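Trainee: Generate coordinates for the sequence data below:
(one chain, ligands or ions: 3)
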Amino acid sequence: MGRDEKMPRHVAIIMDGNGRWAERHGLKRVDGHRRGAGRVFELMETVAELGIEYLTLYAFSTENWKRSPLEVQALMELLEESLNAKLPLMMEKNVRLKTIGRTEDLWPGVRAALLKAVKVTADNTGGTLVLALNYGGRAEIVDAAGRIARAVARGELKPESIDEPCFRRFLYDPELPDPDLMIRTSGELRLSNFLLWQLSYAELYATDILWPDFDGTALKEAVAAFGRRERRFGGRKK
Ligand code: IPE
Ligand code: IPE
Ligand code: MG
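Mentor: Numbers count the residues shown, from 1 in each chain. Ligands and ions are numbered 1, 2, ... in the order given. Take a look at the predicted model:
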């Protein structure tokens, strides 16, 4: 028996709207980020219930360094704190943590907490949570092109053998299947440099809900909408 095609195997989310959530509640932007970070682990329950194997979350983009030093600092500190605090929960829930992005440029504390959590959870089998950190879709493609060029220069790869499956092996994590469903919260309708290669045939879903309010019910609604879509991948209707 194959997988139920009405259910996404891999869901990717642009977690947007923390700042607006804070503003609406008369709070500081960092309070919105704190509330948003809390959501991540609350959702893992629903992710498991729905049988979603991979959940990729856009947590910090290569462009987010443009924010005020105060906000960048708050985000870095919050990431480090959450990764450390939620490690026992990830172990309890059997969740494997992975990461994509130029993680070498994250603040050292975040990087250390991230590498530790990735290592400790590596053998967990209850679903994979992928955090996109200092991630940019263009950066990923450029990084892949650079690694391909070096492999060719070393004589390990022939230019004529570069096809799509080959290119994919040079992405940050070749093991990840393409997302079936991409959700963006807070009503914005743009990709903001997220998974440019991988989203080619993803179903897109936008909701006005701000990320700190996005709960299990909201995720179930998105997955139900996905189930009503007809995916054709350029071919004919089945
Ligand atoms: C998303 O919320 C979190 C990150 C990008 C780190 P925002 O901070 O972008 O919230 P808005 O878009 O300003 O409301
Ligand atoms: C995208 O949100 C990045 C993350 C959610 C991490 P942004 O809020 O940074 O995107 P723009 O600036 O609205 O395009
Ligand atoms: Mg935003």
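Trainee: Sticking with the closest residue to ligand 1 within the chain, tell me its helix or strand.
Mentor: Closest to ligand 1 within the chain is residue 19: 2.7 Å, counting by Cβ to the nearest ligand atom. The C-beta positions use only the backbone N, C-alpha and C, and glycine is treated the same way. Using DSSP states H and E, residue 19 falls within helix 18-24.
Trainee: Once you drop chain neighbours, what's closest to residue 237?
Mentor: Once flanking residues are discounted, residue 237 sits nearest to residue 230: 6.9 Å by Cβ to Cβ, 6 or more residues apart in numbering.
Trainee: Helices of the chain, residue ranges please.
Mentor: For the chain, the helices defined by DSSP state H occupy 18-24, 29-50, 69-92, 108-120, 137-153, 164-168, 216-227.
Trainee: Nearest to residue 8, out of these?
Mentor: For the helices of the chain, the distance to residue 8 is smallest for helix 216-227, at 5.5 Å, taking Cβ to Cβ.
Trainee: what's next to the closest one, contact-wise?
Mentor: 6-8, 11, 42-43, 45-47, 49-50, 52, 180-181, 183, 203, 205, 207, 209 (Cβ atoms under 8 Å, 6 or more residues apart in numbering).
Trainee: Make JSON lines from the helices of the chain and add distance to residue 176, mean neighbour count and mean pLDDT to it.
Mentor: Shown next, in JSON lines, are the helices of the chain (distance: least, Cβ to Cβ, whole Å; neighbours: other Cβ atoms under 10 Å; pLDDT from 0 to 100):
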{"stretch": "helix 18-24", "distance to residue 176": "25", "mean neighbour count": "19", "mean pLDDT": "98"}
{"stretch": "helix 29-50", "distance to residue 176": "15", "mean neighbour count": "18", "mean pLDDT": "95"}
{"stretch": "helix 69-92", "distance to residue 176": "18", "mean neighbour count": "16", "mean pLDDT": "98"}
{"stretch": "helix 108-120", "distance to residue 176": "14", "mean neighbour count": "17", "mean pLDDT": "98"}
{"stretch": "helix 137-153", "distance to residue 176": "12", "mean neighbour count": "15", "mean pLDDT": "98"}
{"stretch": "helix 164-168", "distance to residue 176": "10", "mean neighbour count": "12", "mean pLDDT": "98"}
{"stretch": "helix 216-227", "distance to residue 176": "18", "mean neighbour count": "16", "mean pLDDT": "98"}
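Trainee: Next, format those helices as CSV and append distance to residue 60.
Mentor: Putting the helices of the chain into CSV (distance: least, Cβ to Cβ, whole Å) gives the following:
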stretch, distance to residue 60
helix 18-24, 12
helix 29-50, 10
helix 69-92, 6
helix 108-120, 9
helix 137-153, 12
helix 164-168, 24
helix 216-227, 21
